[in-house]
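[1] below are the sequence and a predicted model; questions follow.
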Amino acid sequence: MWQLADKQFTSRFILGTALYPSPDIMCRSIQAAASEIVTVSLRRQNPGNADGHDFWQLIQSMNVALLPNTAGCQSASQAITTAQMARELFDTHWIKLEVIGDEYNLQPDPFALLEAAQELIAQGFEVFPYCTDDLVLCEKLVEAGCRILMPWGAPIGTGKGLVNPYALKTLRERLPHITLIVDAGIGAPSHAAEAMQLGFDGVLLNTAVAQATDPVKMAQAFSLAVKAGQLAYQAGVIPERDLAKPSTPTVGTPFWQQ
Ligand SMILES: CC(=O)[C@@H](O)[C@H](O)COP(=O)(O)O
């Protein structure tokens, strides 16, 4: 079990609920992923509108925790208003805070993100900020009261994996008591395993499963990769070496060179 904010979970794999070929495939993917937390977007999945109502009923039947997000917001005030609506509609004080600053690569706006995080924390939210991997920004989010950070692996939907492992490794080393979840840009299960091997606490992704040829099978693959990466981190991965070193003992062999 691991503690995430005020709740305990077994799975460290958080799945997004957008872009699936059908609602049925989404549900089967969540099951195959064994995810206990899913992200929901207020704009797409508002339980108050007709389409959103069906989605809401489906999600409720999955018996998973909800992490509403502020996807699509481009200013602190938009994100704050969206978070307030999400709290009311989804009945949770958790919010995945997204404030997009650049439309080209959907990069979070660090300044608006910090401003919105400060305000939402003051209003009693548990803020999960989707942020870049910049150490100083992350430290300021922690100072603002964030207990969880969600730095990007790569821009949303690119599937590039961890484009800056050094920055992510630095975050892990410098913020040992903060829950770190890699969010966005993950393309393959090996990327998820890599994040967990760095000591990250969890992985959040959407596109790589929803847009896979077989989303259900890919969800299972990611689930296994997240577990494998975490086990490897606990087990202690050997340091890399430049020089070869025999793994088979040579002492006492019956052949020798003259
Ligand atoms: C699902 C979500 O809330 C976002 O964080 C994002 O869409 C995930 O990124 P990928 O789609 O690249 O996994």
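    Right, received. Where do you want to start? Residues are numbered from 1 along each chain as shown.
[2] the closest residue to the ligand within the chain: neighbouring residues, count only.
    Nearest residue of the chain to the ligand, counting by C-beta to the nearest ligand atom: Gly16, 2.8 Å away. Where C-beta positions appear, they are placed from N, C-alpha and C, glycine not excepted. Gly16: 26 surrounding residues under other C-beta atoms under 10 Å.
[3] ok, now how distant is it from Phe111?
    Separation of Gly16 from Phe111 (C-beta to C-beta, to the nearest Å): 25 Å.
[4] got the residues of this protein near the ligand?
    16, 39, 69, 71, 96, 130, 156-157, 183-186, 204-208 (C-beta under 6 Å from any ligand atom).
[5] those residues in helices, which ones?
    Among the residues of the chain next to the ligand, DSSP state H puts 207-208 in helices.
[6] quick one: the helices in the chain?
    Secondary structure of the chain (DSSP H): helices located at 23-33, 42-45, 50-61, 76-90, 110-122, 135-144, 165-174, 189-197, 207-210, 215-235.
[7] can you lay out these as TSV showing mean neighbour count?
    Putting the helices of the chain into TSV (neighbours: other C-beta atoms under 10 Å) gives the following:
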stretch	mean neighbour count
helix 23-33	19
helix 42-45	19
helix 50-61	14
helix 76-90	19
helix 110-122	20
helix 135-144	17
helix 165-174	16
helix 189-197	23
helix 207-210	23
helix 215-235	19
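[8] out of those, which gets the lowest mean score?
    Sorting the helices of the chain by mean pLDDT places helix 42-45 lowest, at a mean of 66.
[9] how close does the spatially most central residue of the chain sit to Gln74?
    The chain has Leu204 as the residue nearest its centroid, 2.4 Å off, counting by C-alpha atoms, centre = their mean. According to C-beta to C-beta, Leu204 and Gln74 sit 21 Å apart.
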